[in-house]
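Novice: Need a 3D model of the sequence below.
(2 chains)
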Amino acid sequence: MIVDFVAFWVVLPMLSLALVLAFIRLAIGPTLPDRVVAFELIAILLAGVIVVYAVLGEHSALFDVASVWAIISFLSVVAIAYYIEKARKP
Amino acid sequence: MMEILIAALLILGASFMLIAAIGILKMPDLYMRMSVNTKSVTLGMGFLLLALVLHFHEIGVASRALATLVFIAMTAPISSHLIGRAAYLSGVELWSETRRDELGDLYQRRPMSMEQVLFSENPPHSMDLEQEEKDTEDNF
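Specialist: Numbers count the residues shown, from 1 in each chain, chains lettered A, B, ... in the order given. Here you go, the predicted structure:
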């Protein structure tokens, strides 16, 4: 009971606020690497939101989505880093 | 008792993630943003996964959570290193009050345009290799 209350009224609002702050950096970030770092943070935050929803809804299958999501975000960041290093333009 | 522990772990993990987001907004420099981001996000995800494992109490969930945690702890420094290196080579500015730049003389970090990279005879990545080859020839 207390877990559901805390997860819904405390943890999810904190993660949502974190998502808003990371999105502000994604919007105003002066260079491309700034935006990539903000995107990486957003991806991990969404994985955290999925984990909290797995606790809330008693679905342990949702957690598999979070782990695959983390793997895919890592691969995309590696690809963008390769592109930035080849192009040499911030 | 267990529920209070799970709730405390959830709040701890979410607050680490919130700290990472505040840091990514307030830090003056790309490299500091990356440093804040990597560490506290790894720690926050660790606490959230620990809360998940304590909540479900199954060996399958625990092993998958351990695998995910190991994966995140291994790949967060790698991706951060790649982005930092690419940003440094492409000429992203350091903070104006940075005291020491140890890579300052090692790389040619002039930002180049796309056409220069694609159509130049001597692309920037081959310069280091040629220098190394020359060094080895001198040694022989």
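
Novice: Next up, the contacts around the residue most central in space within chain A.
Specialist: Among the residues of chain A, the one closest to the centroid is A:Ala43, at 2.4 Å (CA atoms, centre = their mean). A:Ala43 is in contact with A:Trp69, A:Ala70, A:Ser73, counting by CB atoms under 8 Å, 6 or more residues apart in numbering or on different chains. To be clear about C-beta, it is placed using only N, CA and C from the backbone, and glycine gets the same treatment.

Novice: change it to 7 Å
Specialist: A:Ala43 makes contacts with A:Trp69, A:Ser73, as judged by CB atoms under 7 Å, 6 or more residues apart in numbering or on different chains.

Novice: Next: B:Leu9.
Specialist: B:Phe47, B:Leu50, B:Ala51.

Novice: In ChimeraX, how would I select just the buried ones from those?
Specialist: Listed next is the ChimeraX selection for buried residues among those, using 16 or more other CB atoms under 10 Å in any protein chain shown:
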select /B:47,50,51
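
Novice: which element is the most centrally placed residue in chain B on?
Specialist: In chain B, the centroid-proximal residue (CA atoms, centre = their mean) is B:Ser80; its distance is 1.6 Å. Secondary structure assignment for B:Ser80, by DSSP states H and E: helix B:59-89.

Novice: If you count neighbours, what's buried in that helix?
Specialist: For helix B:59-89, by 16+ other CB under 10 Å, it's B:61-62, B:64-65, B:68-69, B:72, B:75-76, B:79-80, B:82-84, B:86-89.

Novice: swap in stretch B:87-99?
Specialist: For stretch B:87-99, by 16+ other CB under 10 Å, it's B:Ala87, B:Tyr88, B:Leu89, B:Ser90, B:Gly91, B:Val92.

Novice: quick one: which of these is nearest to chain A?
Specialist: Minimum distance to chain A across the buried residues of stretch B:87-99 is 3.8 Å, recorded for B:Ala87 (CB to the nearest CB).

Novice: burial of residue 20, as a residue count?
Specialist: Unless you meant another one, I'm taking chain A. Around A:Val20 there are 11 other residues, counting by other CB atoms under 10 Å in any protein chain shown.

Novice: think we crossed wires, I meant chain B
Specialist: So B:Ala20, with other CB under 10 Å, has 26 neighbours.

Novice: go on, B:Glu102?
Specialist: By other CB under 10 Å, 6 other residues sit near B:Glu102.

Novice: What helix or strand is it located in?
Specialist: Using DSSP H and E, no helix or strand contains B:Glu102.

Novice: What residue spans form the domains of chain B?
Specialist: Domain assignment of chain B by automatic domain parsing yields the ranges B:2-108, B:110-140.

Novice: pLDDT on the last one, on average?
Specialist: Along domain B:110-140, the predicted local confidence has a mean pLDDT of 53.

Novice: so A:Leu56 touches A:Val6, yeah?
Specialist: No - in this structure, A:Leu56 is not within contact of A:Val6 by CB atoms under 7 Å, at 10.1 Å.

Novice: higher neighbour count, these two?
Specialist: A:Val6 (21 against 16).

Novice: pLDDT at the closest residue in space to that one that isn't next to it in sequence, what is it?
Specialist: Of all residues not flanking A:Val6 in the chain, B:Ala7 sits nearest, at 4.1 Å (CB to CB, 6 or more residues apart in numbering or on different chains). As predicted, B:Ala7 sits at a pLDDT of 93.
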